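Novice: Need coordinates for the below:
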Amino acid sequence: MDKIILNYLFLFFKILSIFSLLATTSCSSIEMVSIKNNTYDVIQFRGQFITKYGDINNLDFILKPDNSNLWRYESGYMEEKHLDKGLKKIFLKNTKGCEITLDRSEIENIAKKNGMWEININEKTMDCEKQSDETPNVMKLKNNRFSLIFPV
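Specialist: Purely as a prediction, here's the structure:
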């Protein structure tokens, strides 16, 4: 009798472990992020990612005008409606020397979910004049001379 109970308990735990394994693996999915260069300049892209262990990984590539590149990431069931949680910053630099840094909130403002996540880099995103006007104490080139810009 004790053997029968032990066999049923063993079978129960075996089935329970199979269901828990299926539940944890079936709740994640592979998501894609596409980043497109909608400007007339070549853009140097660097994405800064924080791993689950706290390490920083960079993803670097060149985006030619009207071209795109993508990466994939694994998301859990609760994260499906959110952009890659490891993505912390994007650094962009064009051939004119304009450098833009987008933090997580700025990335989320320009990212759209359309099946996969899409990030469109356009002239508005790469507007260094606007970026410089909003940043205090920035060196800015005017009439072939640098001038220090102070906020009013």
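Novice: who's in contact with the residue nearest the centre of the chain?
Specialist: When C-alpha atoms, centre = their mean is applied to the chain, the residue found nearest the centroid is Leu87 (3.7 Å). For Leu87, the contact set (C-beta atoms under 8 Å, 6 or more residues apart in numbering) comprises 33, 47-49, 104, 107. For the C-beta atoms, the positions are set from N, CA and C on the backbone; glycine is no exception.
Novice: if you set the cut-off to 6 Å instead, what comes out?
Specialist: If you count contacts by C-beta atoms under 6 Å, 6 or more residues apart in numbering, Leu87 has them with Phe49.
Novice: Check the gap between it and Phe45 for me.
Specialist: Distance from Leu87 to Phe45, counting by C-beta to C-beta, to the nearest Å: 12 Å.
Novice: Likewise for Ser17?
Specialist: Distance from Ser17 to Phe45, by C-beta to C-beta: 43 Å.
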